[in-house]
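In: Whatever this is, show me its structure:
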Amino acid sequence: MEDSDAAASDLNPRSPRTPSLGGRPCAVEDEPGPANFRVVNAVLGCLREAGFSVENAVHAYSALDAYIYGFALQEKTLPVDTPAELAEAAESMRRRFAAAEYPHIAETITERVTRSGYDFADEFEFGLDMMLGALEQLRGTD
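Out: Residues are numbered from 1 along each chain as shown. As a prediction, the model looks like this:
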């Protein structure tokens with residue numbers, strides 16, 4: 001799974017190598033064709049070769065696909081392009097509500113998002129590592 005981690009990190013939605021179709025990841029086609037089939041087949045094959053049962057390979061593929069697509073979609077819809085712009089937008093949002101009303105959002109903005117060095121794109125790696133760790137525990141259990 002560690003090799004898969006490195007390969008999957010290449011699918012970071014910001015990567016220029018991430019394929020897209022009309023601004024969406026290529027796996028989201030109205031009618032999947034041979035290119036999509038090859039990708040799905042290759043990922044399922046890697047999962048099976050790594051020791052996942054058919055059932056758990058399907059679970060793993062579905063979870064990874066949803067995570068990667070979901071992150072790409074979320075990042076694509078952010079109205080900013082840089083960490084500095086994100087910090088500015090977050091602080092602007094923070095000024096629109098009372099911290100006491102939404103204390104956890106306020107804390108997240110002031111303690112994390114607006115701090116130097118925060119980059120939303122780094123959340124992809126964190127989430128992917130977490131997911132791959134959980135999948136590692138599932139491997140070979142069925």
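
In: what comes up buried for the host helix or strand of Arg38?
Out: Using DSSP states H and E, the element containing Arg38 is helix 34-49. Residues of helix 34-49 classed as buried: 43-44, 46-47 (neighbour count, 16 or more other C-beta atoms under 10 Å). Where you see a C-beta, it was placed from the backbone N, CA and C, and this is true even at glycine.

In: Distance from the chain centre to that helix, please.
Out: 19 Å (C-alpha atoms, centre = their mean, to the nearest Å).

In: could I have it exported to CSV, CA atoms only?
Out: Written as CSV, here are the backbone C-alpha positions of helix 34-49 (Å, rounded to 0.1, in the frame of the first residue of the first chain):
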residue,chain,number,x,y,z
PRO,A,34,-12.4,2.2,-22.5
ALA,A,35,-10.2,4.8,-20.8
ASN,A,36,-12.3,4.8,-17.7
PHE,A,37,-12.5,1.0,-17.8
ARG,A,38,-8.7,0.7,-17.9
VAL,A,39,-8.3,3.0,-14.9
VAL,A,40,-10.9,1.2,-12.8
ASN,A,41,-9.6,-2.2,-13.9
ALA,A,42,-6.0,-1.2,-13.0
VAL,A,43,-6.9,0.1,-9.6
LEU,A,44,-9.0,-3.0,-8.8
GLY,A,45,-6.2,-5.2,-10.0
CYS,A,46,-3.7,-3.4,-7.7
LEU,A,47,-6.0,-3.8,-4.8
ARG,A,48,-6.6,-7.5,-5.5
GLU,A,49,-2.8,-8.1,-6.0
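
In: so what secondary structure elements neighbour it?
Out: helix 54-77 (3 or more C-beta pairs under 8 Å, 6 or more residues apart in numbering; DSSP states H and E).

In: Give me the next element, helix or strand, following the helix it packs on.
Out: Next along from helix 54-77, by DSSP H and E: helix 83-94.
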